[in-house]
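Undergrad: Kindly generate the corresponding structure for this input.
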Amino acid sequence: MKNIMIMAFLIFASISCKDKAEKTAEKAIDEVKIEKSESEWITLFDGTSLDAWQAYMGGDVPSSWKIEDGAMVFIPPTDEERKDENGKKQSFNLVTKQAFTSFELSLDWKISEAGNGGIFWGIVEDAKFSQPYHSALEVQILDNDKHPDGKNGTSHQAGALYDLVSPSEEATKPVGEWNTAVITIDHNTNTGTSMLNGVVVATFPVHGEELDALLKGSKFDGWEGFAKAKTGKIGLQDHGDLVSFKNIKIKEL
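TA: So this is what the prediction gives:
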């Protein structure tokens, strides 16, 4: 009887040690997965540096983009400040130095009262495209209540795929508060999503015949080269209004 009890104890101890070892191994694997997941993110703005950015069509970050209290802030220049050496009006759109294809982009934005802005991807820097929106799709940033564009149909409101897909619901926070946007563009599955404050407000195709059908009848219908590039730069719009961004990061898919 004594031998049986000893044998049972040894078997129990062996199983217990095995379970403990397996749990330890599983925990280690989970920690590796978490670490790997976090390491996949590329920081585009950490609150201290604009090194990942440049002016649209090249050049240093325009002076109208400043860092204030850990945020990237676009301060609209005066009409006089917008003039180039030839007296022509300039825009000061910002783009990433790096180009991306399929990705998940996460950022926080805050719009001023009656303000307008936008987030672009697939931007092609070419002289035939004088503005990022001539080549790239956009998720809208807007004061829905006080900017006139908010009355031009829901496809012009915050979180929308601009002029193409309306938000499924109102998910914006009041003007002056931070909103978190997550934009996912996956050319492998031909799907894109616009998430605003944890709510997926728009889903759309990102290339091919499905996208062409979506563009049909929109303001972009017939625009040469519009939304054709699968690989391009991320951009932040100069729409002439005060807008702020922070916590900008991207993960390639």
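
Undergrad: which intervals of the stretch 1-150 of the chain have sub-threshold pLDDT?
TA: 1-39 (pLDDT under 70).

Undergrad: give me that answer again for 50
TA: 29, 32-36 (pLDDT under 50).

Undergrad: hey, where'd the strands end up in it?
TA: Applying DSSP state E, counting those that start in this stretch to the stretch 1-150 of the chain gives strands spanning 41-45, 53-55, 65-68, 71-74, 94-100, 103-111, 116-123, 137-142.

Undergrad: can you list those strands in CSV and add distance to Glu85 and mean neighbour count?
TA: Glycine gets a C-beta too; all of them are placed from N, C-alpha and C. Below are the strands of the stretch 1-150 of the chain laid out as CSV (distance: least, CB to CB, whole Å; neighbours: other CB atoms under 10 Å):
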stretch, distance to Glu85, mean neighbour count
strand 41-45, 30, 18
strand 53-55, 15, 19
strand 65-68, 20, 15
strand 71-74, 22, 21
strand 94-100, 21, 19
strand 103-111, 32, 20
strand 116-123, 25, 24
strand 137-142, 29, 26
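
Undergrad: Just put these in a markdown table and tack on distance to Phe220.
TA: A markdown table is the format used below for the strands of the stretch 1-150 of the chain (distance: least, CB to CB, whole Å):
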| stretch | distance to Phe220 |
| --- | --- |
| strand 41-45 | 26 |
| strand 53-55 | 24 |
| strand 65-68 | 27 |
| strand 71-74 | 24 |
| strand 94-100 | 19 |
| strand 103-111 | 21 |
| strand 116-123 | 13 |
| strand 137-142 | 9 |
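
Undergrad: Is the residue nearest to the spatial centre of the chain bridged to anything, and to what?
TA: Nearest to the geometric centre of the chain sits Leu105, at 3.5 Å (CA atoms, centre = their mean). Beta bridges link Leu105 to Ile183, Ile250 when assigned by DSSP bridges.

Undergrad: Could you report the separation of it from Thr193?
TA: 11 Å (CB to CB, to the nearest Å).

Undergrad: Now do the nearest residue to Ala114 once chain neighbours are set aside against Ser112, distance only.
TA: Among residues not flanking Ala114 along the chain, Lys146 sits closest, at 4.1 Å (CB to CB, 6 or more residues apart in numbering). Per CB to CB, Lys146 is found 10 Å from Ser112.

Undergrad: how about the helices in this structure?
TA: For the chain, the helices defined by DSSP state H cover 2-39, 79-82, 208-215.

Undergrad: Now do the shortest one: everything it contacts.
TA: Read it as helix 79-82. The contact list for helix 79-82 (CB atoms under 8 Å, 6 or more residues apart in numbering) reads Ser64, Lys89, Gln90, Ser91, Phe92.

Undergrad: Around the first one, how many other residues sit close by?
TA: The reference is to Ser64. By the criterion of other CB atoms under 10 Å, Ser64 has 17 neighbours.

Undergrad: That one against Asp241, yeah?
TA: No: Ser64 lies out of contact with Asp241 (CB atoms under 8 Å); the separation is 11.6 Å.

Undergrad: Please parse the chain into its domains.
TA: Domain assignment for the chain by automatic domain parsing gives 1-39, 43-252.
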